[in-house]
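> can't give you the sequence, but here's the structure:
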């Protein structure tokens, strides 16, 4: 066993635990957008009441997320483009890499825009107002909406498809039959999380 | 106008020289395969411009899709040229050497990396010395069906040619060697060194370099369940990873 193997296994694991689970929790939290500004802000801010909030965020989310992202970007450069093999799984293989890059860019912008930006400008706490004003801006609103739509759906796809390959990598789904079962589950996961995310966004659309 | 077939062949004169395309037009013979057409070109090596050229070099042996030596890229997809029937192919027919191996000349490539991979994973039944060891352990019935299918691998190279993770400048072992590791790890005698095989597969170039594109299983001419083998080896190395961390 060498570090090459270990790094890739950690890459596979961090994609699901904790990053994937954080995505599910994060999307669940966004459903509060439908409960109005006050409830949403309270729900989001309550996480930061804990003295360990920042540490939790760094250890559970940022370190695994950026480890996963940067190793992932490195992996893309090891791929050979072979367009003549037009198989569905091969398409997913490339969509996984393309969505990975897209989601990384989205997350960097998202973290800057909703976390560091408000911290620096001193407007931290009014999350709902910050989001809805960004979405309804007459000039940049349409761009923000498009970026969010692509970013959120990209993240959900990357997680659902990643879960599918996770089960193969770790030898959880062995036979072709079980691999189809896991694929059906990951499609359902994609549909449910997409529906949840789109419904949440509809509150401030 | 006589009935003809056009072949566009990617040629290369030596290991180090550059490649170029050359077109050959030969008379159409019903039921011919790519190899019989290459033989026709060899008999009269004249390109479409009417120039006499060196005959096209290729490899073949069994002519019944069990040896793997005639593997090449036909109409952009890798397959055996012996079982590529000309009447079923789109025309003009393009022939290229496999792109994942060093070209020796024209369509002949050096696949020693694949055999090297089999050596690395010790894809054989270990025998401890030359003395009579008596009869081997019986292969359980439920293993036989799986093992027979896996043993059909002819190391032709289709799986690694189609694989986006296998390239000239990395050292990925590839689906064939991973599948053979599974075969020998389930063999009653060869499984004695299962751990050593897994050790090799848990290093750079091993199982972790698989990207789950699953082109291998689609490209395999023998329909070997390669993705099942990859998942099974994935399970075995997961177990070994667990014992390396908690039981070592």
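Nice, I can see it. Because the structure is a prediction, the values reported are computed rather than measured.
> for the helix ranked longest in chain A, what is the average pLDDT?
Ranked by residue count under DSSP state H, the longest helix found in chain A is helix A:141-169. For helix A:141-169, mean pLDDT rounds to 97.
> what's the average pLDDT for whichever helix or strand comes after that helix?
Next helix or strand after helix A:141-169 toward the C-terminus (DSSP states H and E): helix A:176-202. Throughout helix A:176-202, pLDDT has a mean value of 96.
> which helix or strand contains residue B:142?
Residue B:142 belongs to helix B:141-151, assigned by DSSP H and E.
> is that helix anywhere near chain A?
No - judged by CB under 8 Å from any CB of the partner chain, helix B:141-151 makes no contact with chain A; its nearest approach is 10.5 Å. No exception for glycine: its C-beta is placed from N, CA and C like everyone else's.
> which other helices and strands contact that helix?
Contact here means 3 or more CB pairs under 8 Å, 6 or more residues apart in numbering or on different chains; DSSP states H and E; on that basis helix B:141-151 packs against helix B:175-185.
> centroid residue for chain B?
When CA atoms, centre = their mean is applied to chain B, the residue found nearest the centroid is residue B:157 (1.6 Å).
> got the residues of chain A near chain B?
A:1-2, A:4-5, A:8-9, A:75, A:78-82, A:84-85, A:87, A:89-90, A:93, A:165, A:168-176, A:179.
> whichever of these end up buried, select them in ChimeraX.
Applying 16 or more other CB atoms under 10 Å in any protein chain shown to the residues of chain A next to chain B, the buried members can be selected in ChimeraX as follows:
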select /A:1,5,8,9,75,79,82,85,89,90,93,165,168,169,170,171,173,174,179
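> give me the angle between the longest helix of chain A and helix A:176-202.
160 degrees (axes from the mean of the first three to the mean of the last three CA atoms, to 10 degrees).
> can you give me the helices for chain B?
Using DSSP H, helices in chain B cover B:34-43, B:112-120, B:141-151, B:158-162, B:175-185, B:194-201, B:215-219, B:226-246.
> count the neighbours of residue 160 for me.
Chain wasn't specified; assuming chain A. Residue A:160: 21 surrounding residues under other CB atoms under 10 Å in any protein chain shown.
> the chain in question should be chain B.
Quick note: residue B:160 (other CB under 10 Å) scores 28 neighbours.
> wouldn't it be in contact with residue B:175 here?
Yes - with contact defined as CB atoms under 8 Å, residue B:160 reaches residue B:175; the gap is 6.6 Å.
> overlap in contacts of the two?
Listed as contacting both residue B:160 and residue B:175 by CB atoms under 8 Å, 6 or more residues apart in numbering or on different chains are residue B:216.
> ok now do residue B:154, which residues does it touch?
Residue B:154 touches B:66, B:67, B:68, B:222, counting by CB under 8 Å, 6+ apart.
> ok, for the residue of chain B found nearest chain A, nearest residue in space, not its chain neighbours?
As assessed by CB to the nearest CB, chain A sits closest to residue B:235 within chain B, at 2.4 Å. Spatial nearest neighbour of residue B:235, chain neighbours left out: residue A:171 (2.4 Å); criterion: CB to CB, 6 or more residues apart in numbering or on different chains.
> which strand or helix spans residue A:85?
For residue A:85, there is no host helix or strand (DSSP H and E).
> got a list of what the residue of chain A found nearest chain B touches?
For chain A and chain B, the shortest gap (CB to the nearest CB) falls at residue A:171, measuring 2.4 Å. Listed by CB under 8 Å, 6+ apart, the contact partners of residue A:171 are B:231, B:232, B:233, B:234, B:235, B:236, B:237, B:238.
> report the buried members of these.
If we count by 16+ other CB under 10 Å, the contacts of residue A:171 have these buried: B:231, B:232, B:233, B:234, B:235, B:236, B:237.
> residue B:175 is in contact with the third one, correct?
No - Residue B:233 lies out of contact with residue B:175 (CB under 8 Å); the separation is 10.1 Å.
> residues of chain B that sit close to chain A?
Going by CB under 8 Å from any CB, the residues of chain B near chain A are B:76-77, B:162, B:164-167, B:170, B:199, B:202-204, B:206-215, B:218-219, B:225, B:227-228, B:230-238, B:240-241, B:244.
> pull out the buried members of these.
Counted by 16+ other CB under 10 Å, those give B:77, B:162, B:164-166, B:199, B:202-203, B:206-215, B:218-219, B:225, B:227-228, B:230-237, B:240-241 as buried.
> what's the local residue count around residue B:70?
Residue B:70 has 25 neighbours, counted by other CB under 10 Å.
> that one - nearest residue in space that isn't next to it in sequence?
Residue B:70's closest residue in space is residue B:60 (CB to CB, 6+ apart), at 3.9 Å.
> equivalent analysis for residue A:134, please.
Per CB to CB, 6+ apart, closest to residue A:134 is residue A:144, 5.0 Å.
> so what's the residue nearest to the spatial centre of chain A closest to, chain neighbours aside?
Using CA atoms, centre = their mean, the residue of chain A that lies closest to the mean C-alpha position is residue A:155, 3.8 Å off. The shortest distance from residue A:155 to any non-neighbouring residue, by CB to CB, 6+ apart, is to residue A:103 (4.8 Å).
> list the buried residues of whichever strand or helix holds the one you found.
According to DSSP H and E, residue A:103 maps onto helix A:88-111. For helix A:88-111, burial by neighbour count (16+ other CB under 10 Å) applies to A:89-90, A:92-94, A:96-97, A:99-100, A:102-104, A:106-107, A:110.
> ok, and what's touching the next helix or strand after that helix?
Once the chain leaves helix A:88-111, the next helix or strand it forms, by DSSP H and E, is helix A:117-121. With contacts defined as CB under 8 Å, 6+ apart, helix A:117-121 is touched by A:124, A:125, A:126, A:127, A:130.
> mind listing what's buried in helix A:117-121?
residue A:118.
> ok and the helix or strand that that helix is followed by relative to helix A:176-202, angle-wise?
Counting by DSSP H and E, the next helix or strand C-terminal to helix A:117-121 is helix A:127-136. Orientation check (the same axes, to 10 degrees): helix A:127-136 against helix A:176-202 gives 90 degrees.
> in terms of secondary structure, what does helix A:127-136 contact?
Checking 3+ CB pairs under 8 Å, 6+ apart, helix A:127-136 ends up next to helix A:37-48, helix A:141-169.
> how far does it sit from the chain's center?
Relative to its parent chain, helix A:127-136 has a centroid offset of 20 Å by CA atoms, centre = their mean, to the nearest Å.
> ok, stretch A:122-137 next?
Counting by CA atoms, centre = their mean, stretch A:122-137 comes out at 21 Å from the chain centroid.
> stretch A:79-97 too?
21 Å.
> can you give me the end-to-end span of that stretch?
End-to-end distance for stretch A:79-97: 10 Å, by CA to CA, to the nearest Å.
> ok, residues contacting that stretch?
Residues from elsewhere that reach stretch A:79-97, judged by CB under 8 Å, 6+ apart: A:72, A:75-76, A:157-158, A:161-162, A:164-165, B:76-77, B:162, B:164-167, B:211-215, B:218-219.
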